[in-house]
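*Asks:* turn this into a structure:
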Amino acid sequence: MTHVFHRNPHAHYPTAVQGDGIYLIDSDGKRYLDACGGAAVSCLGHNHPVIIDAIKTQANELSYAHSGFFTTQPMEALAEKLINNAPGQMNKVYFVSGGSEAMEAALKLARQYFTEQGQTNRKYFIARRQSYHGNTLGALAVGGNEWRRKQFKPLLVNFEHISPCNAYRYQAENESEQEYSIRAADELQIMIEQLGAENVIGFVCEPVVGATAGAVPATKGYLKRIREICDDNGILLILDEVMCGMGRTGYLYAHEEDGVECDLITIAKGLGAGYQPIGATLVSKKVFQTIYEGSGFFQHGHTYMGHAIGCAAALAVQTVIEQENLLANVQHMGEKLQAALETEFQQHPNVGDIRGRGLFRGIEFVQDKPGKQPFAAELKINAKIKQAAMQNGLMCYPMGGTIDGVNGDHVLIAPPFIINEPQLEEIIEKLKLTIGNVFN
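*Replies:* As a prediction, this is how the structure comes out:
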């Protein structure tokens, strides 16, 4: 028996031993097409020679220098690249080791931004139900997935949540997309009025909701209205792009497509493409200057922040994406993926919705298509899809609780940015076989 404490200690996991582009290979020699990048992480696939060389080079020069004593060349270079390509007034980058840490940093930065101005009464964050912002206690508190929160609820800070922005589930038949966007966003205004604007720090959301809802994009005009509400009430807008950002939707920063600016951005996953653990919080000039000209010290930190090898790997990842014009491939192949999914599955009696942006697509499964009725949670449709997919040599990302943390099933498809048309066709064929195994 293994001494590793796996998240699911009852499960049996094959042993991954090698990567080959968009494939992973286990100890029995079986190949798996990685159509989800693990958790939308491996955006350049596996064993990319440029990234491997960058890691080796940096390890030979310097592995680690504590950020309380030194800066390093790869950290400075990566920050410069991220800010040069960032939209709006982004000004600084705070490096951490992953997405949950990035969200913790954003929450603390937002609170300190107001305390530096003497507004110590501000204590509430508002987010959305059925959102996910990380598994540490602060990130879990701001997230809105009840299944993940339930057993830890006594430990969580009391933050507030409004309805998701999900056209498939909540847009009325007689309502235009723009009308729905305004109605959904205006729930934020109502919540702010209930709490008192002087008590609210900020609003947190994913431009495209990932794991908990299945690649649900903000409807047109939603984030613009959210930005207006934040400005009108003097609160911060924090966008969580840990899963949907760094090129996954075809834009380096996902909210670029929505035409808005924000105050803080959290990124991870596609930042380092899985080659090293790394995440970051991007900070606007307004937020940074307030702290810089106030106490001059951000009261936060982690041991491995700005890790030299992690930054070198991420810098190489971002350079490859830029030099190989992979964002264009994400947009092009993303359109083809959506079209192929619709052609193959749109008429399936158990496929309710196919959605997403770029190479970030979700399929929501239903028992009753006209009524959008989900399968009973105890059937564990998502677990059956994962099991069948792995047997068929396909890695996809199924999850349950799509609607409310308990009910609903979906699968995420998030292949590497380097995918080509024959590989996309292979995904469709393996997914077709998998869905047939589960529902026929």
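
*Asks:* what residues are up against Ile385?
*Replies:* Contact analysis of Ile385 by Cβ atoms under 8 Å, 6 or more residues apart in numbering lists 365, 396, 398, 409, 411, 434-435, 438. Just so you know, the C-beta spots here come from the backbone N, C-alpha and C atoms, and that holds for glycine as well.

*Asks:* and which of those residues is nearest Gly38?
*Replies:* Cys396 (10.9 Å; Cβ to Cβ).

*Asks:* buried subset of the contacts of Ile385?
*Replies:* Neighbour-count burial (16 or more other Cβ atoms under 10 Å) applied to the contacts of Ile385 gives 365, 396, 398, 409, 411, 434-435, 438.

*Asks:* so which of those belong to strands?
*Replies:* If you go by DSSP state E, those have 365, 398, 409, 411 in strands.

*Asks:* right, and Gly247 touches Glu324 too?
*Replies:* No. Gly247 lies out of contact with Glu324 (Cβ atoms under 8 Å); the separation is 11.2 Å.

*Asks:* more neighbours, those two?
*Replies:* Legend: neighbour count by other Cβ atoms under 10 Å for Gly247 and Glu324, higher for Gly247 (28 against 14).

*Asks:* hang on, the earlier thing: could you dump the buried ones among the contacts of Ile385 into a markdown table and include pLDDT and distance to Arg111?
*Replies:* Formatted as a markdown table, those follow (pLDDT from 0 to 100; distance: Cβ to Cβ, whole Å):
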| residue | pLDDT | distance to Arg111 |
| --- | --- | --- |
| Phe365 | 98 | 40 |
| Cys396 | 98 | 38 |
| Pro398 | 97 | 36 |
| Asp409 | 98 | 37 |
| Val411 | 98 | 37 |
| Thr434 | 98 | 45 |
| Ile435 | 98 | 45 |
| Val438 | 97 | 45 |
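
*Asks:* now do the contacts for Ile126.
*Replies:* Contacts of Ile126 (Cβ under 8 Å, 6+ apart): 159-162, 188, 191-192, 195, 200, 202-204.

*Asks:* any idea which of those residues is closest to Glu101?
*Replies:* Taking Cβ to Cβ as the measure, Glu101 lies nearest Val204 of these, at 15.2 Å.

*Asks:* the closest one: which element?
*Replies:* For Val204, the element it lies in under DSSP states H and E is strand 200-205.

*Asks:* what about the strands in the stretch 151-300 of the chain?
*Replies:* Taking DSSP state E, counting those that start in this stretch as the criterion, the stretch 151-300 of the chain contains strands spanning 160-162, 200-205, 208-209, 216-217, 236-240, 264-267, 279-284.

*Asks:* let me fix that, I meant to ask about the stretch 301-440 of the chain.
*Replies:* Assigned by DSSP E, counting those that start in this stretch, the strands in the stretch 301-440 of the chain fall at 351-357, 360-365, 394-395, 397-400, 409-413.

*Asks:* of the ones you listed, which approaches Thr281 most closely?
*Replies:* That would be strand 360-365 among the strands of the stretch 301-440 of the chain, by Cβ to Cβ, at 21.2 Å.

*Asks:* would you put the C-alpha positions of the closest one in PDB?
*Replies:* Output in PDB follows, covering the C-alpha atoms of strand 360-365 (Å, rounded to 0.1, in the frame of the first residue of the first chain):
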ATOM      1  CA  PHE A 360     -11.900  26.100 -22.400                       C
ATOM      2  CA  ARG A 361     -15.200  24.300 -23.100                       C
ATOM      3  CA  GLY A 362     -17.800  22.600 -21.000                       C
ATOM      4  CA  ILE A 363     -20.600  20.100 -21.600                       C
ATOM      5  CA  GLU A 364     -23.400  20.000 -19.000                       C
ATOM      6  CA  PHE A 365     -25.400  16.700 -18.900                       C
END
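
*Asks:* sheet-wise, list the partners of it with their directions.
*Replies:* As defined by DSSP bridges, the strand partners of strand 360-365 come to strand 351-357 (antiparallel), strand 409-413 (antiparallel).

*Asks:* contacts for it next, please.
*Replies:* Applying Cβ under 8 Å, 6+ apart, the set of residues contacting strand 360-365 is 40, 168, 208, 210, 213-216, 243-244, 248-249, 334, 337-338, 341, 345, 350-356, 374-375, 381, 385, 402, 408-414.
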